[in-house]
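Visitor: starting from these lines, generate the structure:
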Amino acid sequence: MGRIELILTSRACGTPMESHEAVELLPGLGIAGDRYATGRGFYSGVAEWDAHVTLIRREPFDAVAAEHGAILDPVDLRRNLVTAGVDLHSLVGRRFRVGDRAILLARKVWPPCQHIVRSSGRPEIYRLLGRACGIGASVIEGGVVRLGDLLTPED
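Guide: The predicted model follows:
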């Protein structure tokens, strides 16, 4: 299936994203130390948008660069796990494993939002990426996730 190419967290809404080689996923919370696991994210407490972990595909960013000459960085969208080689939308409603132990449930498509567009100063995000790149997920079983870990559907 696909693999993890980049792992990102932020301590609070508006603080810079930090890159990691490995993080611990906590069941029912998210990534240890990340703003959504600690209740300090922009959408914390908003049930519809309060994912434990967000994932985004690398491929749409590469396509935008090749087709439009626009350089957008996955960090601008403030998602946690950047993937390659996996159709994230096909996982919605399904459980999947990341690495050896962690199991997530893909809840819904996670498109770029107005908050991201404002905070990044990149209005072209909507036009160029739209709904092509992300999902939100709940952590069902925790574990350490590392760069290069595979994403594997449970069913």
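Visitor: only C-alpha atoms for contact and neighbour calcs from this point on.
Guide: OK.
Visitor: helix, strand or coil for the spatially most central residue of the chain?
Guide: The centroid of the chain falls nearest to Leu55 when counting by Cα atoms, centre = their mean (2.3 Å). Here Leu55 is recorded as strand under DSSP: H, G, I helix; E, B strand; the rest coil.
Visitor: OK, contacts around it?
Guide: Arg79, Asn80, Leu81, Val82, Thr83, Leu88, Gly134, Ile135, Gly136, Ala137 (Cα atoms under 8 Å, 6 or more residues apart in numbering).
Visitor: and for it, nearest residue in space, chain neighbours not counted?
Guide: Leu81 (4.6 Å; Cα to Cα, 6 or more residues apart in numbering).
Visitor: I'd say the one you found and Thr54 touch.
Guide: Yes: Leu81 is in contact with Thr54 according to Cα atoms under 8 Å; the separation is 6.4 Å.
Visitor: for this structure, which helix is longest?
Guide: Ordering each helix of the chain by length in residues (DSSP state H) puts helix 59-68 first.
Visitor: list the buried residues of that helix.
Guide: Glu59, Pro60, Phe61, Asp62, Val64 (16 or more other Cα atoms under 10 Å).
Visitor: what's the following helix or strand after it?
Guide: Sequence-wise, the next helix or strand downstream of helix 59-68 (DSSP states H and E) is strand 81-84.
Visitor: dump that following strand to CSV, restricted to CA.
Guide: Once non-C-alpha atoms are left out, strand 81-84 reads as follows in CSV (Å, rounded to 0.1, in the frame of the first residue of the first chain):
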residue,chain,number,x,y,z
LEU,A,81,0.9,12.6,8.2
VAL,A,82,2.0,13.1,4.6
THR,A,83,1.6,9.9,2.5
ALA,A,84,2.7,8.6,-0.8
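Visitor: show me what it is packed against.
Guide: Helices and strands touching strand 81-84, by 3 or more Cα pairs under 8 Å, 6 or more residues apart in numbering; DSSP states H and E, are strand 2-9, strand 53-57.
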